[in-house]
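Asker: next comes the sequence, and after it the predicted model I'd like to discuss.
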Amino acid sequence: MQYKEKYTSTQRKIIESTLNIISAEGFCKVTIRKVASSAGVNVAAINYHFGSKEQLINDALHSITEQLKSSFVVLDREDLVPEDRLRVFLDDYTKTLLMYPDIMKNFIMQSITEYQVSGEYESFLQEQGYDLIKNTLMQIRPDESEAIIGMRIMQMQGGLAFPVLVANRTIALKDFDYFHEDVRSQYVEIMMKYITSP
């Protein structure tokens, strides 16, 4: 992960504690005192390293953006056939989605509202991520138009995000546990069959 190289061990510990609180309790429950307690540091250390709660949250979100972006790297690998690149991408991407579901919900909400904490990931998708997925799908489905490939990408993104959005809600399927690795792997394979089958 690139963000691990950018921060000291204390900063990483603070960021991880912040992400854990966000994941467990949501953004509104993040306080400097709670993060300090969880990270085993004092409040002054957080203020020294990050300056404010807002900057700490932005840095925490940046670390997740880096994790999401790293899942796209495989789409550029020429040593793998396009189907394998796509499968590895989907597997890595879903793992990151499920590590921080509340944060993923926030990213999705940012995309459909005016409010933005950080648009870094959305910018990455527009500038690079979408083309990486599109180029891979065009290699798998060379007979399809760009419009149809775009629709497949939209369905794929929806299929990846929807289980995270409805987790623990009555709309979710009773026996569908997206957080269980075997279930998630089966789900990825179903998506792969849809995307790669003629």
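Answerer: Done, it's in.
Asker: neighbours of the residue lying closest to Gly159 once chain neighbours are set aside, just the number please.
Answerer: In space, not counting the residues next to it along the chain, Gly159 is nearest to Met191; the distance is 5.6 Å by CB to CB, 6 or more residues apart in numbering. Quick note: C-beta positions are derived from backbone N, CA and C, even for glycine. If you count neighbours by other CB atoms under 10 Å, Met191 ends up with 19.
Asker: what residues are up against Met191?
Answerer: 90, 156, 159-160 (CB atoms under 8 Å, 6 or more residues apart in numbering).
Asker: give me the buried positions along the helix or strand it falls within.
Answerer: For Met191, the host element (DSSP states H and E) is helix 181-196. By neighbour count on 16 or more other CB atoms under 10 Å, the buried set for helix 181-196 is 184, 187-188, 191-192, 195.
Asker: contacts only, for Asp91.
Answerer: Per CB under 8 Å, 6+ apart, neighbours of Asp91: 185, 188.
Asker: one more time with 10 Å, if that's ok
Answerer: 71, 74, 181, 184-185, 188-189, 192 (CB atoms under 10 Å, 6 or more residues apart in numbering).
Asker: again with Lys193
Answerer: Lys193 touches nothing, counting by CB under 10 Å, 6+ apart.
Asker: shaky segments in this structure?
Answerer: Applying pLDDT under 70 to the chain picks out residues 1-5, 106-107, 109-118, 168-174.
Asker: ok, the residue nearest to Gly159 to Val35 distance?
Answerer: Met191 is 36 Å from Val35, where distance means CB to CB, to the nearest Å.
Asker: ok, now Glu189?
Answerer: 38 Å.
Asker: next: Leu125.
Answerer: Distance from Leu125 to Val35, by CB to CB: 29 Å.
Asker: ok, those two, which is more surrounded?
Answerer: Legend: neighbour count by other CB under 10 Å for Leu125 and Val35, higher for Val35 (28 against 18).
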